[in-house]
Structure formats: structure tokens, C-alpha cells
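**Q** Sequence and predicted structure, then a few things I'm wondering about:
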Amino acid sequence: MNARPRERILANLESIYREAYSLASTQEDKERMQQLDASFQREQLILEVLLDIRDAIVSIGDVPPSKSALEKLDALRKLTKLR
């Protein structure tokens, strides 16, 4: 399965928030605009972390097939300790 590109995923998130922000702006709902701004920043950070994890797991999958599942899990454990 091909993973969607990081840029496309982040652009979709931004598009969703821009639409909601625009609506709140049109309604002059300053409180909602602030909530959306904070939510977007939080969601973007969470999504970037998840994408980093996805990329790390995919790169571990590229390890030569001679490694056992336990060796791959150990490599993943070591990788997560580095970050």
C-alpha cells in the first residue's frame, strides 16, 4: 500500500481548518477563530509526529529480510529511544 505524501495530508488538514476559520471570520466570531487557531496548531503537531512515526516504521520495514521480527522490534525500540 502506498502511503499518501506528507505534504498532501498536511494540506488537507490546513484546508479543513481554513474553511472553518473563514466561516468564523465571516461571522466575526473571534472566540471561535482563536479556538480554531490553537486547535490547528495542536493537530498539525500531532499529525507531524504521527507521520514521523509512520516514516520510521516504513524505513524499518526496509531492513533486509534476514532479520527476525524480534530483531526488527529491537531496532524500533532503539530508534524510539533516540528521539
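**A** Now that the structure is in, tell me what you want to look at.
**Q** For A3, give me the backbone phi and psi.
**A** Dihedral angles of A3 (phi, psi; degrees, to the nearest 10) stand at phi -80, psi 150.
**Q** so what's it closest to, chain neighbours aside?
**A** Nearest non-adjacent residue to A3, counting by Cβ to Cβ, 6 or more residues apart in numbering: R54, 6.5 Å away. Placement of C-beta: from N, CA and C, glycine included.
**Q** and whatever helix or strand that neighbour lives in, which residues are buried?
**A** R54 is part of helix 30-61, with elements assigned from DSSP states H and E. Residues of helix 30-61 classed as buried: 33, 36, 40, 51, 56 (neighbour count, 16 or more other Cβ atoms under 10 Å).
**Q** where in the chain is pLDDT low?
**A** For the chain, the stretches with pLDDT under 70 are 1, 61-66, 82-83.
**Q** related to what we said a few turns ago, just checking, what packs against the helix holding R54?
**A** helix 6-26, helix 69-82 (3 or more Cβ pairs under 8 Å, 6 or more residues apart in numbering; DSSP states H and E).
**Q** And those helices: which comes nearest L45?
**A** Distance to L45, taken as Cβ to Cβ, is lowest for helix 6-26 among the helices and strands packed on helix 30-61, at 10.9 Å.
**Q** Kindly format the C-alpha coordinates of that closest one as PDB.
**A** The C-alpha trace of helix 6-26 is given here as PDB (Å, rounded to 0.1, in the frame of the first residue of the first chain):
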ATOM      1  CA  ARG A   6       3.100  14.100   3.900                       C
ATOM      2  CA  GLU A   7       2.500  17.400   2.100                       C
ATOM      3  CA  ARG A   8      -0.900  16.200   0.800                       C
ATOM      4  CA  ILE A   9      -2.000  15.200   4.300                       C
ATOM      5  CA  LEU A  10      -0.900  18.500   5.900                       C
ATOM      6  CA  ALA A  11      -2.500  20.400   3.100                       C
ATOM      7  CA  ASN A  12      -5.800  18.600   3.700                       C
ATOM      8  CA  LEU A  13      -5.600  19.500   7.400                       C
ATOM      9  CA  GLU A  14      -4.900  23.100   6.600                       C
ATOM     10  CA  SER A  15      -7.800  23.200   4.100                       C
ATOM     11  CA  ILE A  16     -10.300  22.000   6.600                       C
ATOM     12  CA  TYR A  17      -9.200  24.500   9.200                       C
ATOM     13  CA  ARG A  18      -9.100  27.400   6.700                       C
ATOM     14  CA  GLU A  19     -12.700  26.700   5.700                       C
ATOM     15  CA  ALA A  20     -13.800  26.700   9.300                       C
ATOM     16  CA  TYR A  21     -11.700  29.700  10.200                       C
ATOM     17  CA  SER A  22     -13.100  31.600   7.200                       C
ATOM     18  CA  LEU A  23     -16.700  30.900   8.300                       C
ATOM     19  CA  ALA A  24     -15.900  32.000  11.900                       C
ATOM     20  CA  SER A  25     -14.300  35.200  10.400                       C
ATOM     21  CA  THR A  26     -17.300  35.900   8.300                       C
END
